[in-house]
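> What would the 3D arrangement of this be:
(one chain, ligands or ions: 2)
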Amino acid sequence: MSHTSYVSVEPTWRREALLEALRDPAAVLRAGGTVAFPTETVYGLGANALDPVAVARIFSAKGRPSDNPLIVHIAHIDQLVPLVRELPGDVHELARVFWPGPLTLVLPKSDLVPDIVSAGLDTVGVRMPSHPVASALIEAAGVPVAAPSANASGRPSPTTADHVRHDLEGRIDMIVDGGASGIGVESTVLELPQHGAPTVLRPGGVSIERLKAVIPDVRALDAFGGTDDVVAPRSPGLKHRHYSPSAPLWLFIGDHSAQLEAMIARADAILSEAHGKLGMLISDETAATLENSRPDLFAAAVATGIAADGGADGAADGAVAAADVTADAVAIARVGSRERLEEVASLLFLRMRELDQAGVNVILAESYPSSGIGLAIMNRLVRAAGGRCVFVQHQCRK
Ligand code: TXA
Ligand code: MG
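Ligands and ions are numbered 1, 2, ... in the order given. Model (predicted):
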């Protein structure tokens with residue numbers, strides 16, 4: 001156990017003010033300690049990427065399997081060159097368009113990168129975050145910073161400092177609180193092999209559509225990716241259980257209205273068996289339909305979208321008031337509007353954690369279109385479901 005200290009900063013501060021405020025966490029990084037910090041995707045747990053002993057602390061704090069490589073974060077493009085053996089042609093254009101930002105490039109690694117960072121692979125994932133706090137911290141530390149998401153291994157990634165505290169307090173040296181992460185799902189991991197097409201190993205904050213505009217030959221999997229025989233072994237993280245709330249999550253896939261019908265049928269079955277508490281991870285639209293079509297089910301819900309913390313979001317408007325809650329057989333967690341998938345991405349992991357806190361025993365989750373950020377959302381939901389997918393379709397009606 002170690003004592004975890006806290007530093008609070010505002011991302012809107014001037015660069016000089018941030019650099020000044022981040023002197024302590026930067027010194028902790030330089031001295032081989034572990035520091036959690038906000039990025040534009042999710043919170044990361046950082047250590048000096050060039051110090052294998054420091055990096056080992058990340059693995060033990062998270063309980064992370066040692067075969068899962070870490071992303072190295074940089075603040076300036078000059079920091080890239082020493083980390084890699086060569087720079088495939090596309091890198092310059094990709095970096096120009098997408099850095100700083102939520103794109104990780106997997107490149108042939110140089111000997112400077114310790115094997116523990118790359119989990120023994122001969123490649124390294126590098127990303128230049130755009131979050132002002134992440135960027136200033138890396139600059140102040142003066143070293144590249146290895147950082148996985150700052151959750152306990154297998155849990156949903158943290159989008160607030162409070163989530164990090166919940167998972168890792170007493171296991172890491174410091175937490176920099178810089179408010180909620182904006183995007184809410186992790187970076188897109190893009191492998192740029194020496195031979196062959198660039199391949200998306202994990203969909204994320206930069207959509208396939210945007211990547212295709214720069215590298216038309218990019219290969220990508222669908223939302224069920226990671227089970228692909230060719231790609232899976234190259235991204236060891238994909239084979240581990242991920243992003244999961246504690247309760248088993250069932251993902252309903254198919255026509256939107258058919259999803260809702262099937263979810264309600266399953267909800268009724270679960271409630272009639274009285275097997276503890278039911279969680280529903282649904283959009284605002286689905287919540288509104290549910291409220292109309294099944295007011296009984298809705299009235300039995302603790303709407304976590306309007307949780308007592310006031311909600312770090314604008315999704316609460318128009319939901320039932322807490323006072324309307326008559327029972328707590330059901331917890332409804334609303335992830336925002338299907339019309340705004342960015343909102344869904346930013347709330348997804350937060351809501352999974354809230355359902356855990358509400359003590360649900362099972363979660364029924366809606367699925368989303370796989371375009372834009374929707375592909376990353378679906379990838380995380382499929383992983384969280386771990387095979388518990390329910391495929392639904394409309395019955396033909398006379
Ligand atoms: O947005 C993000 O990427 C966040 C923030 C903190 O930057 N980081 C993050 O790290 O999500 P992590 O460790 O939770 O996920 C990194 C993913 C894993 O699936 C890992 O297997 C893959 O990237 N990865 C890292 N280096 C790799 C490499 N050299 N080859 C293949 N996959 C790699
Ligand atoms: Mg992670």
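
> ok, now which ones touch L271?
When contacts are counted by C-beta atoms under 8 Å, 6 or more residues apart in numbering, L271 is found next to 278, 297, 300, 329-330. Using the backbone N, CA and C atoms, a C-beta is placed for each residue, glycine as well.

> Which ones among those lie within helices?
L297 (DSSP state H).

> For the nearest residue in space to Q259 that is not next to it in sequence, give me its contacts.
Taking C-beta to C-beta, 6 or more residues apart in numbering, and ignoring the residues beside it in sequence, Q259 has F252 as its nearest neighbour in space, at 4.2 Å. Going by C-beta under 8 Å, 6+ apart, F252 touches 259, 262-263, 364-367, 389-390, 392.

> What is the neighbour count of A56?
Neighbour count of A56, defined by other C-beta atoms under 10 Å: 15.

> ok so, going back, then the residue nearest to Q259 would be within a strand, right?
Yes. Counting by DSSP: H, G, I helix; E, B strand; the rest coil, F252 is located in a strand.

> quick one: it from ligand 1, how far?
As judged by C-beta to the nearest ligand atom, to the nearest Å, F252 and ligand 1 stand 25 Å apart.

> just the helices in the stretch 1-150 of the chain please.
Ranges of helices in the stretch 1-150 of the chain, per DSSP state H, counting those that start in this stretch, are 15-21, 23-30, 52-62, 90-98, 115-118, 132-141.

> Serialize those to a markdown table and add fields for distance to E285.
What follows is the helices of the stretch 1-150 of the chain, written out as a markdown table (distance: least, C-beta to C-beta, whole Å):
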| stretch | distance to E285 |
| --- | --- |
| helix 15-21 | 39 |
| helix 23-30 | 41 |
| helix 52-62 | 36 |
| helix 90-98 | 31 |
| helix 115-118 | 43 |
| helix 132-141 | 34 |
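
> which of these sits most buried?
Relative to the other members of the helices of the stretch 1-150 of the chain, helix 132-141 carries the highest mean neighbour count by mean count of other C-beta atoms under 10 Å, namely a mean of 25.

> what angle do it and helix 23-30 make?
With axes from the mean of the first three to the mean of the last three C-alpha atoms, to 10 degrees applied, the angle from helix 132-141 to helix 23-30 works out at 60 degrees.

> List the contacts of stretch 50-69.
Residues from elsewhere that reach stretch 50-69, judged by C-beta under 8 Å, 6+ apart: 29, 32-34, 45-49, 70, 112-121, 123-125, 143-144, 146-148, 150-154, 168, 171-172, 236-237, 240.

> So is that stretch next to ligand 1?
Yes. In this structure, stretch 50-69 sits against ligand 1 according to C-beta under 6 Å from any ligand atom; the contacting residues are 68-69.

> ends of that stretch, how far apart?
According to C-alpha to C-alpha, to the nearest Å, stretch 50-69 extends 14 Å from its N-terminal end residue to its C-terminal end residue.

> what do you get for stretch 2-17?
Using C-alpha to C-alpha, one end of stretch 2-17 lies 28 Å from the other.

> could you give the mean pLDDT of that stretch?
The predicted model gives stretch 2-17 an average pLDDT of 97.

> Equivalent analysis for stretch 201-217, please.
Average pLDDT, stretch 201-217: 96.

> Mind listing what's buried along that stretch?
201-208, 211, 215 (16 or more other C-beta atoms under 10 Å).

> Now, these that are in strands?
Among the buried residues of stretch 201-217, the members falling in strands (DSSP state E) are 201-202.

> quick revisit: among the contacts of F252, which are in strands?
In strands, judged by DSSP E, the following of these are found: 364-365, 389-390, 392.

> so which two of these are the farthest from each other?
A365 and V392 (12.7 Å; C-beta to C-beta).

> which of the two has more neighbours?
The residue with more neighbours, out of A365 and V392, is A365; 29 against 20, by other C-beta under 10 Å.

> Out of the contacts of stretch 50-69, which are close to ligand 1?
When the contacts of stretch 50-69 are filtered against ligand 1 using C-beta under 6 Å from any ligand atom, the residues retained are 70, 118, 121, 123-125, 147-148, 236-237.

> Filter these down to the buried ones and express that as a ChimeraX selection.
Selecting only the buried entries of those in ChimeraX, with 16+ other C-beta under 10 Å as the criterion:
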select :70,118,121,123,124,125,147,148,236,237
